[in-house]
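*Asks:* take this sequence and fold it.
(chains A and B)
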Amino acid sequence: QQQVKQSPQSLIVQKGGISIINCAYENTAFDYFPWYQQFPGKGPALLIAIRPDVSEKKEGRFTISFNKSAKQFSLHIMDSQPGDSATYFCAARQRTGGFKTIFGAGTRLFVKA
Amino acid sequence: GAVVSQHPSWVICKSGTSVKIECRSLDFQATTMFWYRQFPKQSLMLMATSNEGSKATYEQGVEKDKFLINHASLTLSTLTVTSAHPEDSSFYICSARLGGDTQYFGPGTRLTVL
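*Replies:* Numbering: from 1, shown residues only, chains lettered A, B, ... in the order given. Next comes the predicted model:
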């Protein structure tokens, strides 16, 4: 059972464009939603995270939009750069669930120069 | 910032042997560490939750006798893959919880079983 669904599987964006990755979840007990960036052969690194009581959070070029009623959230990467080419994972966590992180399937982003 | 290290970064072993992977929190104490497995071009799948001084909690479908986890101190957790087989070849990643929602992931260990 996939608790966090992520789309698209892959994404190609022109340099300077906006990259958008979407995620949906089922478990309403999730209370923390991080996004991770992973380069090949490396561990994931936290990009930005949001709690369900906030509808949007922005950090630099990265913005999370959160729709609690729809149980959906998305990552927007503004002014995408070739260096942003990586795999992005949305995730969800439940404090009462032992702080385990459940990952989405991942989106492979390629930014064309 | 807080750093989590893993050792070794990559290992090749023969089928039937055991391999130990270390996960260390370098500048903080982690009461909880997590172990993940990631197959090529796939997501991270949680294997187990490791709490210092107690037995690890394994996710459904993960063989606890095959993947032995020891969390002997607040800065070290080890994962031992016993009697490794080629299908155990994967990227193993740990994370350490600093507190609250703050967790840091290690750089991963690439295991190849011949």
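
*Asks:* what does chain A have sitting close to chain B?
*Replies:* A:32, A:34, A:36, A:41-46, A:49, A:89, A:93, A:95, A:98-106, A:108 (Cβ under 8 Å from any Cβ of the partner chain). For the C-beta atoms, the positions are set from N, CA and C on the backbone; glycine is no exception.

*Asks:* looking at those, which are in strands?
*Replies:* A:34, A:36, A:45-46, A:49, A:89, A:93, A:101-103, A:108 (DSSP state E).

*Asks:* what's near enough to touch the spatially closest residue to residue A:84 that is not a sequence neighbour?
*Replies:* Excluding the flanking residues, the one nearest residue A:84 by Cβ to Cβ, 6 or more residues apart in numbering or on different chains is residue A:111, at 5.2 Å. By Cβ atoms under 8 Å, 6 or more residues apart in numbering or on different chains, the contact set of residue A:111 is A:12-15, A:17, A:19, A:80-85.

*Asks:* would you mind listing what in chain B touches chain A?
*Replies:* Counting by Cβ under 8 Å from any Cβ, chain B sits next to chain A at B:4, B:6, B:32, B:34, B:41-46, B:49, B:57, B:91, B:93, B:95, B:97, B:101, B:103-108, B:110.

*Asks:* contact partners for residue 38?
*Replies:* In the absence of a named chain, chain A is used. A:44-45, A:86-89, A:106.

*Asks:* let's do chain B instead
*Replies:* So residue B:38 contacts B:44-45, B:90-93, B:108 (Cβ under 8 Å, 6+ apart).

*Asks:* on that earlier part again, reformat the ones in strands among the residues of chain A next to chain B as JSON lines; add pLDDT and neighbour count.
*Replies:* As requested, those are arranged in JSON lines below (pLDDT from 0 to 100; neighbours: other Cβ atoms under 10 Å in any protein chain shown):
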{"residue": "A:34", "pLDDT": "96", "neighbour count": "20"}
{"residue": "A:36", "pLDDT": "97", "neighbour count": "23"}
{"residue": "A:45", "pLDDT": "95", "neighbour count": "13"}
{"residue": "A:46", "pLDDT": "95", "neighbour count": "15"}
{"residue": "A:49", "pLDDT": "96", "neighbour count": "17"}
{"residue": "A:89", "pLDDT": "98", "neighbour count": "25"}
{"residue": "A:93", "pLDDT": "93", "neighbour count": "18"}
{"residue": "A:101", "pLDDT": "91", "neighbour count": "24"}
{"residue": "A:102", "pLDDT": "93", "neighbour count": "20"}
{"residue": "A:103", "pLDDT": "96", "neighbour count": "23"}
{"residue": "A:108", "pLDDT": "98", "neighbour count": "15"}
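
*Asks:* of all residues in chain A, which one is closest to chain B?
*Replies:* residue A:43 (4.1 Å; Cβ to the nearest Cβ).

*Asks:* which pLDDT value goes with that residue?
*Replies:* Note for residue A:43: predicted pLDDT of 95.

*Asks:* pull the number of nearby residues for it.
*Replies:* Using other Cβ atoms under 10 Å in any protein chain shown, residue A:43 is surrounded by 22 other residues.
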